[in-house]
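> I would like to see how this sequence folds:
(one chain, ligands or ions: 1)
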Amino acid sequence: MLKRFSISLEEELLEQFDAYIRERGYVNRSEAVRDLIRKEFIHEEWEQDGDVVGVVTLVYNHHQSQLQEKITEIQHDYYTLITSTTHVHMDHHNCLEVIIVKGRASRIRELAEKMIALRGVKNGKLTMTSTGHHLH
Ligand code: NI
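Sure, this is the predicted structure:
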């Protein structure tokens, strides 16, 4: 059930908020506020080292010596956290790997950081989300 409450904001802050929601294409302020609150709760779950889900995205140079093997090896070390891995050959030189992970936040960070730090990984990102204990 939706409940209403009102928020008082300084004019300048409200203008900034309206610009923020325009840029992101929100249809109204309520939806934007809901998303900000949810995002903060997800952040909290990660901070408290709870059980979370996440997505690791890697773009890497496929010609880098041993890189593919190292990425696979790390994933085997953390296999209990990995739900699925998708590999896309982006072009002649670049691969994209998307790894969906689930488990303790600190272990997921560890796994992501190890892969992202490898030489030849051009862009690596961990997107944190949550199984949603606090979220409805
Ligand atoms: Ni590839």
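> and Ile7, what does it touch?
Counting by C-beta atoms under 8 Å, 6 or more residues apart in numbering, Ile7 makes contact with Val33. Backbone N, C-alpha and C define where each C-beta goes, glycine included.
> which pLDDT value goes with it?
Ile7 carries a pLDDT value of 91.
> quick one: contacts of the helix or strand where Glu23 lies?
Secondary-structure element containing Glu23, defined by DSSP states H and E: helix 11-24. The set of residues that contact helix 11-24 without belonging to it, under C-beta under 8 Å, 6+ apart, is Leu9, Asn28, Arg29, Ala32.
> and the first one, how close does it get to Gly25?
Note on Leu9: its distance to Gly25, by C-beta to C-beta, to the nearest Å, is 21 Å.
> so for those two, which sits in the more crowded spot?
With neighbours defined as other C-beta atoms under 10 Å, Leu9 and Gly25 compare such that Leu9 has more, 10 against 7.
> for the residue nearest to that one when sequence neighbours are not counted, grab the count of nearby residues.
What sits nearest to Leu9 in space, not counting adjacent residues and going by C-beta to C-beta, 6 or more residues apart in numbering, is Phe17, at 7.0 Å. Other residues lying near Phe17 total 16 when counted by other C-beta under 10 Å.
> what's the spacing between Phe17 and the ion?
Applying C-beta to the ion, to the nearest Å, one obtains 42 Å for the distance of Phe17 from the ion.
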